[in-house]
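1. heads up, no residue letters with this:
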């Protein structure tokens with residue numbers, strides 16, 4: 001009888017520990033997915049994510065009546081299979097597609113995040129591709145130019161990212177703009193290509209040094225370029 005009671009206590013103890021662990025995991029998930037970038041989320045990503053690279057593309061129409069289209073390719077390494085919680089201050093209608101490592105994945109847009117479940121990530125290198133529409137306000141859009149001004153919590157209004165200053169990342173930018181426009185960003189111009197679309201061109205920039213997301217910036221418009229020697 002004493003042996004039976006001992007076994008019951010052991011089983012009850014294991015069940016209690018399992019329940020507490022499950023509750024703890026659920027509570028962590030809630031904290032990580034709350035609105036904005038919580039302290040828990042920032043610490044979680046800093047501890048578990050390796051070097052991050054952003055390859056950003058924006059197609060900017062000449063007319064303000066047409067929306068800007070964007071694509072963000074985010075490369076990062078994971079030490080274990082984890083949920084990918086990417087910051088984006090927009091609603092689901094502004095996210096056209098999400099791919100992970102070249103394939104379609106289920107995702108959820110809520111609380112300023114694009115959330116990809118842990119079972120879809122892999123240990124090691126991961127590549128997330130998001131096609132999206134940024135809000136005009138985040139790009140400070142005018143008739144003949146636009147520019148970004150990303151204070152520490154606004155990068156996610158312009159493009160999907162891990163929007164926390166302590167995660168310094170590498171950025172590569174490509175802009176499709178009207179042929180008469182010029183553009184500047186943190187990196188130097190690598191090349192300019194003409195397109196088959198009349199009146200359009202493609203400006204590609206070199207990769208930056210490691211930057212916090214809010215320090216990444218670009219501007220494009222009908223500017224005059226002058227060179228001094």
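-> Perfect, I can see it now. What you see is a predicted model, and the numbers here were worked out from it, not measured in a lab.
2. can we go C-alpha only for contacts and neighbour counts from here?
-> Fine.
3. in the sheet, who's paired with residue 194?
-> residue 201 (DSSP bridges).
4. can you tell me how far it is from residue 174?
-> Per CA to CA, to the nearest Å, residue 194 is found 13 Å from residue 174.
5. tell me which stretches of this protein form helices.
-> With DSSP state H as the criterion, the chain has helices at 2-32, 39-48, 155-158.
6. and the residue nearest in space to the middle of the chain, what does it touch?
-> Residue closest to the average C-alpha location in the chain (CA atoms, centre = their mean): residue 161, at 2.1 Å. Residue 161 makes contacts with 74, 86-88, 155, 213, as judged by CA atoms under 8 Å, 6 or more residues apart in numbering.
7. between residue 194 and residue 174, what contacts are shared?
-> Overlap of the contact sets of residue 194 and residue 174 (by CA under 8 Å, 6+ apart) consists of residue 202.
8. mind listing the strands for this protein?
-> 53-59, 69-78, 84-87, 95-100, 103-104, 108-110, 113-116, 124-132, 145-147, 170-178, 182-185, 189-194, 200-205, 218-221 (DSSP state E).
9. ok, which of these comes nearest residue 32?
-> The minimum distance between residue 32 and the strands of the chain falls on strand 84-87, with 8.0 Å, by CA to CA.
10. for the closest one, name the packing helices and strands.
-> Other elements packing on strand 84-87 under the criterion 3 or more CA pairs under 8 Å, 6 or more residues apart in numbering; DSSP states H and E are strand 113-116.
11. give me the residues contacting the strand it packs on.
-> With CA under 8 Å, 6+ apart as the test, strand 113-116 has contacts from 33, 35-36, 83-89, 105-109, 160.
12. give me the buried subset of those residues.
-> 33, 36, 83-89, 107, 109, 160 (16 or more other CA atoms under 10 Å).
13. pull the most distant pair out of these.
-> Maximum pairwise distance in these, criterion CA to CA, is 18.3 Å, between 83 and 89.
14. the domain parsing of this protein - what is it?
-> What the record gives for the chain is the domain set 1-32, 39-221, from automatic domain parsing.
15. average pLDDT for the longest one?
-> In this model, domain 39-221 has an average pLDDT of 96.
16. only the buried residues of stretch 54-69, if you could.
-> 54-60, 62, 68-69.
17. OK, contacts around residue 92?
-> 109-110.
18. check the gap between it and residue 74 for me.
-> According to CA to CA, residue 92 stands 19 Å off from residue 74.
19. repeat that for residue 204.
-> According to CA to CA, residue 204 and residue 74 sit 17 Å apart.
20. ok so, going back, deepest-packed of the domains of the chain, please.
-> Highest mean neighbour count of the domains of the chain: domain 39-221, a mean of 18 (counted as mean count of other CA atoms under 10 Å).
21. roughly how far out does that one sit from the chain middle?
-> Centre-to-centre, domain 39-221 and its host chain are 5 Å apart (CA atoms, centre = their mean, to the nearest Å).
22. and for stretch 221-229?
-> With CA atoms, centre = their mean as the basis, stretch 221-229 stands 32 Å off its chain's centre.
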